[in-house]
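Engineer: fold the stuff below for me.
(one chain, ligands or ions: 2)
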Amino acid sequence: MDNSKANFKIDAEIARAWTLPAHLYTDASIFLAEKEKIFARTWQVVGHTSQVANPGDYFTTNLIGEPLLFVRGMDGTLRGFYNVCRHRAGPPAEGCGSRKLFRCGYHGWTYGLDGALISATEIEGVEDFCPEDFALKPVRTEEWFNLVFVNLDPEAQALRESMGELPQQAEKFPFAQMKLFERRTYDMKCNWKTYVDNYLEGYHLPSVHPGLNRELDYNAYVVEPYARHVRQFSPIRGAQPGDATPRRYQAAREDLASDLGADYFWIFPNWMLNCYPDNVSLNIVLPVDAERSLAIFEWYLPEKDHDAPAAKASVEFSDQIQIEDVGICEIVQKNLRSRSYSRGRYSVKQEKGVHAFHRMYGKLMRE
Ligand code: FES
Ligand SMILES: [Fe+2]
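Structural biologist: Ligands and ions are numbered 1, 2, ... in the order given. Predicted coordinates:
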C-alpha cells in the first residue's frame, strides 16, 4: 500500500475532528491493508459453541480467505487449525460434523483431533521425514459467552484482556440459555465500515426508519465508547439504536423485560451483540472486497420461546429495519466515490460511537 493513502488523522476531540477520508471506503489497496492490519490481528467470531459441543465435533469456515478448522478434542479443549494439509495443501476437513480423525480429501493423510499427523500414505522411502514436523498449523482459538473466536495473530492479547469491560457488561444477559432461532445473510454493496458507521449512531432513525422512530425517542440513547467496544442503550425500556433488533418481540414480552433493559454492543472491528433479557442477536459484518460485505444476523432465544409467533414477528421486524439500513449504506457507498466528497464532520451529540470507531481504526492502520 502507498503509505500516504493511510495517512489520515482523527482528532481525539470530536468537536474538532473530521471523519475518515472517503477513499478508505473504496480503495482496493486499503482493503488489502485492512486484512493484514485489522482482520488478521483482532479476535473474530467464527461460530457458536453449540457447533462444537462434544468431543470430536468440528466445523470449517473461512476468514478473510483463510480456510480454518475448529474441533473439540477428546480432552474437551477446543482447538483451531488452518484447514490446509501439510502435504500439498489439500483439505483435511470439509463442512461440519463429528470425527475421530481427519482424512485429507486429496491423498488421504490423516490427522488427529489435536492436529498431529497420524499417517502419511505411501511415504516410505522419503528421507528425513519427521511426522512431528507435519502437524496441522494451529491458530489462536478461544471461547467466550457461547461464541467461538479466532485470532490469526500468534502474538495477540488474550481474548478476555482485549475485551476490557465487555464481559462484565454483557454477561448479565442469559445468552447461555438461548438457542439459535434463525440466521440470515445480507449481501451488501458497501464497504464494511460504511455499515459499521451506520450501526454506531441513532442519528439516522427519523429519516431512514420512520416506522421505528415513531415508537421511540431517539434522543434518549446513551452512547458509551470504551477502548475496543461501544455500548449503546436507552434508559427507556424497549428503545434501541438505529439497527435491527427485535423490539416487537420485546414489547410482547414486557413481563420478562422488567429491569435488565437492553444493551447494544459493537466490538471492534466488525461484530455486534444486541442483548435483551429474553433474546440476543449477533451481527457479524464480513468484508468481501472494498465495496462489498456480508452482514450475518443470528437470533437466539430460549428454546421454549421458539414457537411463539412473536419470535417470528421480531425477525421480520428486524429484517425490515435491516433492508432500510442496507438501502442507505449502498447509496452512501456510491456517493463516497463522488469527486465532490472527501470528509465530513461529526455531530458531537449523536456520533460519539462513529468517532470512537474511526479513532480505533486509525490507530491500527497506522501501526
Ligand atoms: S494434500 Fe493432503 S494428503 Fe496430499
Ligand atoms: Fe439503522
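
Engineer: what segments of the stretch 201-350 of the chain are strands?
Structural biologist: 222-225, 229-233, 263-267, 271-275, 280-289, 292-302 (DSSP state E, counting those that start in this stretch).

Engineer: and of those, who's closest to ligand 1?
Structural biologist: For ligand 1, the closest of these is strand 280-289, at 27.2 Å, according to CB to the nearest ligand atom. Heads up, the C-betas are built off the backbone N, CA and C, glycines and all.

Engineer: quick one on the thing from earlier: could I get the strands of the stretch 201-350 of the chain in JSON lines, plus columns for mean pLDDT, mean neighbour count and distance to Glu142?
Structural biologist: Below are those laid out as JSON lines (pLDDT from 0 to 100; neighbours: other CB atoms under 10 Å; distance: least, CB to CB, whole Å):
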{"stretch": "strand 222-225", "mean pLDDT": "93", "mean neighbour count": "17", "distance to Glu142": "24"}
{"stretch": "strand 229-233", "mean pLDDT": "94", "mean neighbour count": "23", "distance to Glu142": "16"}
{"stretch": "strand 263-267", "mean pLDDT": "95", "mean neighbour count": "23", "distance to Glu142": "14"}
{"stretch": "strand 271-275", "mean pLDDT": "95", "mean neighbour count": "25", "distance to Glu142": "14"}
{"stretch": "strand 280-289", "mean pLDDT": "96", "mean neighbour count": "20", "distance to Glu142": "16"}
{"stretch": "strand 292-302", "mean pLDDT": "96", "mean neighbour count": "20", "distance to Glu142": "19"}
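
Engineer: hmm, Glu330 is touching Lys189, no?
Structural biologist: Yes - with contacts counted by CB atoms under 8 Å, Glu330 reaches Lys189, the gap being 4.9 Å.

Engineer: in three-state terms, label the residue in the stretch 51-200 of the chain that ligand 2 sits nearest to for me.
Structural biologist: The nearest approach of the stretch 51-200 of the chain to ligand 2 comes at Asn198, 5.7 Å away (CB to the ion). Secondary structure assignment for Asn198 (DSSP: H, G, I helix; E, B strand; the rest coil): helix.

Engineer: give me the number of residues near it?
Structural biologist: 20 (other CB atoms under 10 Å).

Engineer: if I look at it, how far off is Gly65?
Structural biologist: Counting by CB to CB, to the nearest Å, the gap from Asn198 to Gly65 is 25 Å.

Engineer: where is the longest helix in the chain?
Structural biologist: When the chain is parsed with DSSP state H, its longest helix is helix 309-335.

Engineer: off-centre distance for the helix or strand following it?
Structural biologist: Using DSSP states H and E, the helix or strand that follows helix 309-335 in sequence is helix 352-366. Its chain's average C-alpha position is 17 Å from that of helix 352-366, according to CA atoms, centre = their mean, to the nearest Å.

Engineer: list of residues touching helix 352-366?
Structural biologist: Identification of contacts with helix 352-366 by CB atoms under 8 Å, 6 or more residues apart in numbering yields 6, 8-10, 12, 14, 17, 19-20, 33-34, 37-38, 41-42, 193, 196-197, 200-201, 223, 225, 227-228, 230, 232, 266, 268-269, 346.

Engineer: in whichever helix or strand Ser29 is part of, which residues are buried?
Structural biologist: Using DSSP H and E, Ser29 falls within helix 28-34. Neighbour-count burial for helix 28-34 flags Ile30, Phe31, Ala33, Glu34 (criterion: 16 or more other CB atoms under 10 Å).

Engineer: now for those: which two are most distant?
Structural biologist: Checked with CB to CB, those reach their widest spread between Phe31 and Ala33, with 7.3 Å between them.

Engineer: got any residues that touch both of those two?
Structural biologist: Residues touching both Phe31 and Ala33 (CB under 8 Å, 6+ apart): none.

Engineer: tell me where the model's unsure across the stretch 201-350 of the chain.
Structural biologist: Scanning the stretch 201-350 of the chain for pLDDT under 70 picks out 215-219, 235-260.
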